[in-house]
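Novice: quick one, fold the following:
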Amino acid sequence: MDEQIQLLRDIEAYCRKVGLAETTFGRRSVNDGKFVSRLREGKGVTIRTLNKVKEFIEQNSGPEGDDMAASSTATAASAQHKVRGGSATTAKKTSGKRSGATTTSKKDDSERAFRFYDNRQKYLMFVNTCDEKWMVSDRVGKELQHIVPTPPGLRVFDAGMGDGTVITNVMRNMHRRFPNVPFQIVGKEVSLEDVRLSLEKMPDRFYEHPASVMVITNMYYTEAPWLMPRSINAAAALNWHEISLTGSTAWEFDEQLKAMGPTLASGWQAKASEKTGNPLYVRPSVLVIFREDHRFLLDQLIPRPGQHPGQYDLVIASQPYRARMPAEFKVDKVLAPLAQSLGPGGRMVAVHSSGDDPGLEIVRKIWPDENPFITDRHTLLRVMKQRLAKTDRDLNFSTLSDKKAILQYHMHVLPNELGGASIGTSTLFAAWNAAIYVAQIEDARVEEAIGNPRYLEATSEVLKKHNGLWFNDEAFVISRRRS
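Specialist: Just a heads-up that it's a prediction; the model follows:
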């Protein structure tokens, strides 16, 4: 399976390099225009075919290969020129094999903007040592009492699945309240690792609530709710997969989901934005999963390309943007599109970090002027009202009182960990990591800070002062009036 995934990556890299269509590659290498698409779907490949493909790539990777593909490159090169905004001369310099160009490229990559939520080490340690995701899922669950499902089912959009903890807990709560209502769950996630972690939690959901359709996409916030790219070129390259699970046990579902490795590897490739360093999808992808024995019942909830209306009953927007971005950016690029995807009676719960907690106290002991949380819920909703006043007059904006809006979550510690004269190193590291993760401190500044043991001393002082560590999030709700 690993060799098959690597083969697919080699083929895609070769096709991008010479500008060759994948169908053309299949015909020229193994006389099968659908070879690459079948490979993505997990179809097996013989040793003989594997060798033929590798031989084709090796024999056509030099100048001869470029000439061979010249006729197929013209259109692709033109499109690439428009997307990147570069000239033909720039493209040649970029593709040239010169050490100077390589060095510059690496330097540019290292200086690109840092995205705190893509740092896997920080993220995974934070998730496993703090209970934020459980607190968020509990808060989202409170909105279910206001939702009245209508045929064909209850639609939910998760604007950033992460490792799937929040949506899994919400689905459990949904089943408790609506055990006989079909579900459509659409999740946006650009990280391949997080998609895998989320799918690991799904077999039990398909077992307990068989009338479920799970949809995962890597599109942008302005596209994902409707499962359709805004760009014509991106729409033409849409990578759409439908997986119908067979069997009736969680074990069978798990085996089938694990076998989707090649499909995920090809569909969730990402590249860094040249302007911001943010990850962008290489190809827009949609993965639709449901139980085959419930296909008939779920027919109206199984999305088809270009035919998904949105119309969600519940939208979950937990930490969907970077705290330091201005309010106008958060609204235009994230919150407004999500609110517009609500159906009649639909509700959107948005949650973000708000500070004023021991976590920020740790950060300010090292960086006294640090202020990562520049916009509160009141500012965001004020901008939202201005943006949507004319187009979506049936939306209600609720800032909530502080008592209802503030969510406090904690770092897990044992009862006796903080009572002694000193605190264990592992606890200090976990607390420090949580503090800089929530405050979204760039790696360069973190590396400079940890050169001095003061950062652990500061962390210890705050933990002892408060006998623990907690953080504050704030939530707000946007709802659409019923028809």
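Novice: contacting residues for E474?
Specialist: Under the criterion of Cβ atoms under 8 Å, 6 or more residues apart in numbering, the contact list for E474 reads V351, H352, S354, D376, R377, A405, I406, L407. From N, CA and C alone the C-beta is placed, and that goes for glycine too.
Novice: ok, the third one - how many residues close by?
Specialist: Read it as S354. Neighbour count for S354, taken as other Cβ atoms under 10 Å: 21.
Novice: surely it and A439 touch.
Specialist: No - taking contact to mean Cβ atoms under 8 Å, the distance of 11.6 Å between S354 and A439 leaves them out of contact.
Novice: report pLDDT for the most centrally placed residue in the chain.
Specialist: With the centre of the chain defined as its mean C-alpha position, the nearest residue by Cα atoms, centre = their mean is E189, 2.3 Å away. We have a pLDDT of 93 for E189.
Novice: what separation is there between the nearest residue to it once chain neighbours are set aside and M219?
Specialist: The shortest distance from E189 to any residue other than its chain neighbours is 4.3 Å, reached at M161 (Cβ to Cβ, 6 or more residues apart in numbering). To M219, M161 is 13 Å away according to Cβ to Cβ, to the nearest Å.
Novice: and those two? which has more neighbours close in?
Specialist: Between M161 and M219, M161 has the larger neighbour count (other Cβ under 10 Å), namely 26 against 21.
Novice: now that one: how far from G153?
Specialist: Distance of M161 to G153, given as Cβ to Cβ: 19 Å.
Novice: kindly report the same for A235.
Specialist: Look at A235 and G153: by Cβ to Cβ, they are 26 Å apart.
Novice: the two: which is more packed in?
Specialist: Using other Cβ under 10 Å as the criterion, A235 and G153 rank with G153 on top: 20 against 14.
Novice: any chance of the backbone angles for the closest residue to the more buried one other than its chain neighbours?
Specialist: Of all residues not flanking G153 in the chain, P182 sits nearest, at 3.5 Å (Cβ to Cβ, 6+ apart). According to degrees, to the nearest 10, the main-chain angles of P182 amount to phi -60, psi 140.
Novice: which neighbours do M161 and M219 share?
Specialist: Listed contacts common to M161 and M219 are K188; contacts here mean Cβ under 8 Å, 6+ apart.
Novice: mind listing what's buried in stretch 435-446?
Specialist: A435, I436, Y437, V438, A439, Q440, I441, V446 (16 or more other Cβ atoms under 10 Å).
Novice: and stretch 462-469, by the same measure?
Specialist: Using 16+ other Cβ under 10 Å as the test for burial, stretch 462-469 gives V462, L463, G468, L469.
Novice: identify all contacting residues around it.
Specialist: Counting by Cβ under 8 Å, 6+ apart, 358-359, 361-362, 365, 410-411, 413, 418, 423, 427-428, 431, 434-435 sit against stretch 462-469.
Novice: go with 6 Å
Specialist: Outside of stretch 462-469, the residues that reach it under the criterion Cβ atoms under 6 Å, 6 or more residues apart in numbering are P358, E361, I362, M411, L418, I423, A431.
Novice: correct me if wrong: S483 contacts P344.
Specialist: Yes - here S483 lies in contact with P344, judged by Cβ atoms under 6 Å, at a distance of 4.4 Å.
Novice: neighbour count for these two, which is higher?
Specialist: Comparing S483 with P344 by neighbour count (other Cβ under 10 Å), the higher total belongs to P344, at 13 against 8.
Novice: that one belongs to a strand?
Specialist: Yes - with the criterion set as DSSP: H, G, I helix; E, B strand; the rest coil, the secondary structure at P344 is a strand.
Novice: list the contacts for it?
Specialist: Taking Cβ under 6 Å, 6+ apart as the definition of contact, the neighbours of P344 are R480, R482, S483.
Novice: the second one against G345, yeah?
Specialist: Same thing as R482. Yes - counting by Cβ under 6 Å, G345 is a contact partner of R482 at 4.3 Å.
Novice: neighbour count: those two, which is higher?
Specialist: For R482 versus G345, neighbours defined as other Cβ under 10 Å are more numerous around G345 (16 against 11).
Novice: which residues sit in contact with the more buried one?
Specialist: The neighbours of G345, taking Cβ under 6 Å, 6+ apart as the test, are R482.
Novice: same check, this time on A224
Specialist: Shown here is A224, whose contacts under the criterion Cβ under 6 Å, 6+ apart are K188, T217.
Novice: give me phi/psi at it?
Specialist: Note on A224: backbone dihedrals following degrees, to the nearest 10 are phi -60, psi -40.
Novice: this protein: strands as residue ranges?
Specialist: Chain-ordered strands for the chain, with DSSP state E as the definition, fall at 154-158, 183-188, 212-217, 239-245, 270-272, 279-281, 285-291, 312-318, 342-353, 395-398, 406-410, 470-480.
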